[in-house]
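K.L.:
need a 3D model of the sequence below.
(one chain, ligands or ions: 1)
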Amino acid sequence: MSHPVVEERPVAHGDAMNVVRQAIAEAPGPEAAVQRAVEELHERFPHYDWVGIYWVDANRTDLVLGPWIGPEATEHTRIPIGTGICGAAAASGQTQLVDDVNADPRYLACFASTRSEIVVPILAEGLVVGEIDIDATDPAAFDETDRIFLEEIAALLAPLRPRP
Ligand code: SME
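P.N.:
Residues are numbered from 1 along each chain as shown. Below you'll find the model as predicted:
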């Protein structure tokens, strides 16, 4: 008996991991590499409706929006660490997986269409240096496979962070 849903998703994630690695390796510099990674994530997973990278600023007080791809721009281009789901991920260093954003009092609304969100910290030398933020229009769109996959992607992005 086959379980197509369970078996197909890790294959898709594994394939995407190779594509993202390759895109990063071929990019002319770190900024272009992060942009390419965001593009591949957005393109390969239909439930990754809005994909953005936030970087921790030099004062380590705020998250500042870097490359993003999605149907709309967000007004939240700077988020204090500790505010919103993004700020919670940065403050704790822990991935935040929110099945229903409307039930989470921390949620900072960006898009009326968003129903679920995952925020994955990017860690370097024991510090949060940024994060991957993905919004989905379906409730509970993200699972543990996404978490593990995106934590690996975050490790690839860490060396590409902007340096002062
Ligand atoms: N929803 C996020 C804010 C960023 S937007 O989703 C792009 C939050 O609650 O922190």
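
K.L.:
how about the residue positioned nearest the centre of the chain, secondary structure?
P.N.:
For the chain, the residue nearest the mean C-alpha position is residue 132 (2.3 Å; C-alpha atoms, centre = their mean). Residue 132 carries the three-state label strand when classified by DSSP: H, G, I helix; E, B strand; the rest coil.

K.L.:
partners of it in the sheet?
P.N.:
residue 53, residue 120 (DSSP bridges).

K.L.:
let me know the pLDDT of it.
P.N.:
pLDDT for residue 132: 98.

K.L.:
tell me the contacts of it?
P.N.:
Each residue near residue 132 by C-beta atoms under 8 Å, 6 or more residues apart in numbering is listed here: 41, 51, 52, 53, 118, 119, 120, 122, 150, 153, 154, 157. Heads up, the C-betas are built off the backbone N, CA and C, glycines and all.

K.L.:
residue 40 contacts residue 18, correct?
P.N.:
No. Look at residue 40 against residue 18 with C-beta atoms under 8 Å: they stay out of range, at 10.1 Å.

K.L.:
looking at those two, which one has more neighbours?
P.N.:
Counted by other C-beta atoms under 10 Å, residue 40 and residue 18 do not tie: residue 40 has more neighbours, with 22 against 9.

K.L.:
so what's the residue of the chain found nearest the ligand closest to, chain neighbours aside?
P.N.:
Nearest to the ligand in the chain, going by C-beta to the nearest ligand atom, is residue 84, at a distance of 2.5 Å. Nearest residue to residue 84, sequence neighbours excluded (C-beta to C-beta, 6 or more residues apart in numbering): residue 108, at 3.6 Å.

K.L.:
please identify the helix or strand for that neighbour.
P.N.:
Assigned by DSSP states H and E, residue 108 falls within no helix or strand.

K.L.:
got the contact list for residue 104?
P.N.:
85, 98 are the contacts of residue 104 under C-beta under 8 Å, 6+ apart.
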